[in-house]
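1. predicted model, plus sequence, below.
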Amino acid sequence: MTQLDIEPAKTVDARGAACPGPLMDLIGAIRDVDPGDVVVLLSDSDRSLTDVPEWVEEAGNELRAVEEGDDHHEIYVEKV
Amino acid sequence: MTEEIVIIGGGTGGSVLANDLAERLEAEIDAGDVSVTLINDGPDHVYKPVWLYIPFGLREPEDGRRPLRELVDNRIEIRQGRVTEIDTEAKQLTTSERVSPTHYDHLVVATGSTLAPEEVPGLAEGGHDYYSEAGALALRDELLEFTEGHLVLSVIGSPHMCPAAPLEFVFMTDDWFRKRGLREDIEITYTYPINRVHGNPHIAEWAQPLMDERDINTETFFNGEEVDPESQTLTAMEGSEIDYDLLVSIPPHRGVEMIAEAGLGDRGWVEVDKHTLEAEHADDVYALGDAAATGVPKAGSVAHYQAATVGQRLASEVRGQVATAAYDGKTICFIETGMDAASFVEFDYQNPPSPVSPSEKIHWSKLAYNESYWLTARGLI
């Protein structure tokens, strides 16, 4: 588990998601939260490690932290 | 005491499960030991895949409707009403029509998806859809008269029903306009929220070259945030903007409100164990189909396979046995690639999809399945 000092407003558990994919689930969650809130994405897809940061930059949000794990990754995104 | 099993929702998941239980628990139901009730907010079962064909003038809404009573085994009690509240502690239901039973021993939530275009300002006024009967009919009026201009298909909602349908729609419109000699005067643009044309990378890799070949423009990393119906402009949260003459969107989706109120999950999606389909936040509650947040597509095939898992587990529980059935993520989808060709994918939690080469044979298989779907709803195939 993460030791980070970030309190996410929402957790998106996309582990095992085959379709439409973890990033889609994350974007849906980002729409719902307020600016300043952090959403943490749990994903076991390595593709999320590149997909998510790329979108975060494109959309002008902030990547707060990425915790890579053997079982799954935790990616913290703040809505700007 | 009769053990009460209540299913909320008479779509694919609810109907297939009801018929599955009628067969598995035939002896118990006939002996009065178990009662199975299906509560639906209308008299009909609706088969949504028909809607894709309505805008092209190929199907009518009634082709996708049949009375539930004709499809569901007579051992199943059918009640018409809308469940407005679930008390998972007391195992009580509140319904708009005061239908009985109000108590359950085992509950299955199969309440499906609803559309929420109002979440995107201007979308309800400026956009069309084919994800509802009314939307498909209104789009038909526009599409049949559309002879020139910019048609934009924008996937805005995520997750949404039938992840293949946005691809199908642009492939079909491209082919349909070509066959009618109009394609040169019509520009088609497809927008998608992430950096490829479909959520699943294997399907995206297959679809992108097909779109390039057919001159279908693609805009990725495009999450529609606002529509201006006056200037006919769609703006994305990433800052880009598209002008349209005809906007067709996949609007935001939600489940039903009472699910969040019951503490079962956000936005109307029930948080479940992805294998057992048991609700994470309540005892003796299952969810299946669109209502269950499993990460697999919101598609009829998923609801169908999940119903078999839930049926088997409920039968075990009623008999006091350990429930061992598990859902493996199995999904199958036909994908129309034109007006007379289609592809097919099959995948699960472990095995990714690999779309087969499009053919006329698969297209006819899809249409044949759409006709024989009523046997699925009846629990026969």
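-> Perfect, I can see it now.

2. what's the neighbour count on the residue of the stretch 151-300 of chain B found nearest chain A?
-> Here the stretch 151-300 of chain B gets closest to chain A at one residue, B:G199, 2.7 Å apart by C-beta to the nearest C-beta. (C-beta placed from N, C-alpha, C; glycine too.) Taking other C-beta atoms under 10 Å in any protein chain shown as the criterion, the count of residues near B:G199 is 25.

3. what about it, distance to A:E57?
-> As judged by C-beta to C-beta, to the nearest Å, B:G199 and A:E57 stand 19 Å apart.

4. what's the nearest residue to B:F56 if we skip its chain neighbours?
-> Take B:F56 and drop its neighbours on the chain: the residue closest to it by C-beta to C-beta, 6 or more residues apart in numbering or on different chains is B:W176, 6.0 Å away.

5. surely the one you found and B:M339 touch.
-> Yes. With contacts defined as C-beta atoms under 8 Å, B:W176 counts as touching B:M339 at a distance of 5.5 Å.

6. which residues do those two both contact?
-> With contacts defined as C-beta atoms under 8 Å, 6 or more residues apart in numbering or on different chains, the residues adjacent to both B:W176 and B:M339 are B:F56.

7. what about chain B, any weak spots by pLDDT?
-> Along chain B, segments meeting pLDDT under 70 are nowhere present.

8. how about the residues of chain A by chain B?
-> Taking C-beta under 8 Å from any C-beta of the partner chain as the criterion, the neighbours of chain B within chain A are A:10, A:14-21, A:23-25, A:27-28, A:31-32, A:47, A:51, A:54-55, A:58-60.

9. ok, back up a step: roughly how far apart are the residue nearest to B:F56 and B:T102?
-> As judged by C-beta to C-beta, B:W176 and B:T102 stand 50 Å apart.

10. and the strands in chain A?
-> A:10-13, A:38-43, A:62-67, A:73-78 (DSSP state E).

11. possible to save these as TSV with mean neighbour count and mean pLDDT?
-> Converted to TSV, the strands of chain A look like this (neighbours: other C-beta atoms under 10 Å in any protein chain shown; pLDDT from 0 to 100):
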stretch	mean neighbour count	mean pLDDT
strand A:10-13	18	90
strand A:38-43	23	95
strand A:62-67	15	96
strand A:73-78	22	96
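
12. can you tell which of these is closest to B:V16?
-> Go through the strands of chain A one by one with C-beta to C-beta and the one that ends up closest to B:V16 is strand A:10-13, at 26.5 Å.

13. which strands and helices sit next to the closest one?
-> Taking 3 or more C-beta pairs under 8 Å, 6 or more residues apart in numbering or on different chains; DSSP states H and E as the contact definition, the neighbouring helices and strands of strand A:10-13 are helix A:22-32, strand A:38-43.

14. I'd like the average pLDDT over the first one.
-> Helix A:22-32 comes out with an average pLDDT of 87.

15. buried stuff in stretch A:40-55?
-> By neighbour count on 16 or more other C-beta atoms under 10 Å in any protein chain shown, the buried set for stretch A:40-55 is A:40-43, A:45, A:48, A:51-52, A:55.

16. what lies in contact with it?
-> Residues external to stretch A:40-55 that are found in contact with it (C-beta under 8 Å, 6+ apart): A:6, A:8, A:10-17, A:21-23, A:25-27, A:29, A:63, A:66, A:68, A:71-77, B:194-195, B:201, B:221.

17. what is the burial count for residue 61?
-> Just so you know, I chose chain A. Considering only other C-beta under 10 Å, A:N61 is surrounded by 22 other residues.

18. the intended chain is chain B.
-> What B:P61 shows, counting by other C-beta under 10 Å, is a neighbour count of 15.

19. tell me the phi and psi of the residue nearest to it when sequence neighbours are not counted?
-> The shortest distance from B:P61 to any residue other than its chain neighbours is 4.3 Å, reached at B:E133 (C-beta to C-beta, 6+ apart). Comment: the main-chain dihedrals of B:E133 come out as phi -60, psi -50, following degrees, to the nearest 10.

20. quick one: contacts for B:E133?
-> Applying C-beta under 8 Å, 6+ apart, one finds that B:E133 lies in contact with B:46, B:51, B:54, B:61, B:64.

21. roughly how far does the third one sit from B:K48?
-> Read it as B:I54. Between B:I54 and B:K48 the computed distance is 11 Å (C-beta to C-beta).

22. near chain A, which residues of the stretch 101-250 of chain B show up?
-> Contact residues, the stretch 101-250 of chain B versus chain A (C-beta under 8 Å from any C-beta): B:119, B:157-160, B:163, B:193-195, B:198-201, B:203, B:221, B:223, B:237-239.

23. now with 6 Å?
-> When proximity is defined by C-beta under 6 Å from any C-beta of the partner chain, the stretch 101-250 of chain B lies next to chain A at B:158-159, B:163, B:193-195, B:199-200, B:221, B:223, B:237-238.

24. so which bits of stretch B:72-85 are buried?
-> Residues of stretch B:72-85 classed as buried by neighbour count (16+ other C-beta under 10 Å): B:72-73, B:75-83.

25. can you check stretch B:192-206 too?
-> Going by 16+ other C-beta under 10 Å, stretch B:192-206 has these buried residues: B:192-194, B:196-204, B:206.
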